[in-house]
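S.K.: quick check, what structure comes out for this input:
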Amino acid sequence: MAVRLFEGQDHAAAYQQYRVTPDELISRIMSYMEKKTPNQFNLALDVGCGSGQGTILLAPYFNKVVGTDISPAQLEQARANRNPPNVSYRECPAEELPFASGEVDLVTAMTAAHWFDRKKFLLEADRVLRPGGCLALLSYTMDFELEYGDISNTLNEICKEFYAALFPYRDPYLGTSSVKIYSDMFDSCSYPDKEWNECLRIKRNLPLNRYISMVETFATYRRLVRKDPAEAGRLSADVRNKLMSAMNVSSPDTEVTMVVKYFYWLAHKP
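M.R.: Next comes the predicted model:
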């Protein structure tokens, strides 16, 4: 991997607990595969699998699913899951996958490919994919929205303050736009049969506190924690209090709807 992150035990545990599992995206990936390459679902490879939330979702569709990551802490969390018997994990870089050429039916990376050496990863994904196999890369923008009664706009102005405070801690490797990273990767993919999907809004009902905890798993927030843990704690508390005040509630366990805006692309190897 070009960038190593999410390697501490506490961060890996938080990642496992709070990150959103993209069930809706898995359905779209499998629908695409069923159209392009029906009845060829032997091996799926989830690269940069983290704590395995997305890896497990592939299990019902394939004979074998392997999640790979460079972080031992993340893989420890993944192996602690109640994994189906056809799911396993390996430690390796995204650019050096321990599979034979043409062995894999699906290569996917869920909110991870932006950290890879993107050119090397695409070459390696092409190497391990069999002819007719599929590549699926997905991620989301960091501007999560909240819905709550008729004050959603007010809440989202407060959320924007949260994101703006974290933006200076964005890793320079990512540039200013994750969407552009994936769009550039899409453009550089040589497969003629491919499709780009700009936005799929996924909603989850959850306690307000869980939304705060989700943002606290962002790499930007973790960089702030390393620089100034007191400031990071103050920022979270300030945003939480502003949101509760706008909602006119006294408990951070009050349920809201969180909207995550995914983008993704799919490609079919000739």
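S.K.: contacts, neighbours, all on C-alpha from now
M.R.: OK.
S.K.: in a helix, residue 249, correct?
M.R.: No - counting by DSSP: H, G, I helix; E, B strand; the rest coil, residue 249 falls outside a helix, being coil.
S.K.: okay, now it: neighbour count?
M.R.: 12 (other C-alpha atoms under 10 Å).
S.K.: what does it show for phi and psi?
M.R.: phi -130, psi 160 (degrees, to the nearest 10).
S.K.: relative to residue 42, how far out is it?
M.R.: 50 Å (C-alpha to C-alpha, to the nearest Å).
S.K.: give me the nearest residue to the residue sitting nearest the centre point of the chain, chain neighbours excluded.
M.R.: In the chain, the centroid-proximal residue (C-alpha atoms, centre = their mean) is residue 111; its distance is 2.6 Å. Sequence neighbours aside, residue 139 is the residue nearest to residue 111 in space, at 4.2 Å (criterion: C-alpha to C-alpha, 6 or more residues apart in numbering).
S.K.: count the neighbours of the one you found for me.
M.R.: 23.
S.K.: surely the residue nearest to the centre of the chain is in contact with residue 141?
M.R.: No - the criterion here is C-alpha atoms under 8 Å, and residue 111 misses it with residue 141 at 9.8 Å.
S.K.: need the overlap of contacts for the two.
M.R.: Among the neighbours of residue 111, none is also in contact with residue 141 (C-alpha atoms under 8 Å, 6 or more residues apart in numbering).
S.K.: re earlier: so what's the residue nearest to residue 111 up against?
M.R.: Going by C-alpha under 8 Å, 6+ apart, the list of residues near residue 139 reads 110-112, 262-264.
S.K.: and it, helix, strand or coil?
M.R.: Secondary structure state of residue 139, per three-state DSSP, is strand.
S.K.: what comes into contact with stretch 198-215?
M.R.: Under C-alpha under 8 Å, 6+ apart, the answer for stretch 198-215 is 14-15, 18-19, 24, 221, 236, 240, 252-264.
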